[in-house]
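Novice: Quick one: sequence and predicted model below, then my questions.
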Amino acid sequence: NRTLDPVQRIYARFCRKLARCGLERAPAEGPLHFAQRVAEERPELRAKAQHITELYIRLRYRDQAPEQFLPLFRSSVRQFHP
């Protein structure tokens with residue numbers, strides 16, 4: 001979706017990857033709750049899902065997120081294979 005900023009687009013890609021393996025994010029489900037549900041349903045994905053979610057929250061919701069986190073966030077999602 002072109003109306004999303006780069007951080008939102010990358011997070012949407014992460015969510016699509018999880019949806020393809022049966023872990024679809026509910027429309028009103030926040031990122032922390034989604035990561036918690038992923039960890040409960042697929043414990044082997046816990047660490048990676050939490051890492052990606054922490055980066056997303058830092059980039060999306062914190063005013064002082066350093067730009068250097070964006071490449072790390074992008075590569076973490078690119079390398080994520082549930």
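Specialist: Looks like it came in fine. Numbering: from 1, shown residues only.
Novice: The residue nearest to Phe34 when sequence neighbours are not counted: what's it in contact with?
Specialist: Take Phe34 and drop its neighbours on the chain: the residue closest to it by CB to CB, 6 or more residues apart in numbering is Arg25, 4.9 Å away. Placement of C-beta: from N, CA and C, glycine included. Listed by CB atoms under 8 Å, 6 or more residues apart in numbering, the contact partners of Arg25 are 15, 18-19, 34.
Novice: Show me which of these are buried.
Specialist: Applying 16 or more other CB atoms under 10 Å to the contacts of Arg25, the neighbour count classes 15, 18, 34 as buried.
Novice: ok, so of the residues you listed, who is nearest Glu40?
Specialist: Comparing the buried ones among the contacts of Arg25 against Glu40 with CB to CB picks out Phe34 as the nearest, at 10.8 Å.
Novice: how about the helix or strand containing the closest one: buried residues?
Specialist: Assigned by DSSP states H and E, Phe34 belongs to helix 31-41. Within helix 31-41, the residues that qualify as buried by neighbour count (16+ other CB under 10 Å) are 31, 34-39.
Novice: Show me where this protein has its helices.
Specialist: Secondary structure of the chain (DSSP state H): helices at 6-20, 31-41, 46-61, 69-79.
Novice: Tabulate those helices (a markdown table), appending mean pLDDT.
Specialist: Shown next, in a markdown table, are the helices of the chain (pLDDT from 0 to 100):
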| stretch | mean pLDDT |
| --- | --- |
| helix 6-20 | 96 |
| helix 31-41 | 97 |
| helix 46-61 | 94 |
| helix 69-79 | 95 |
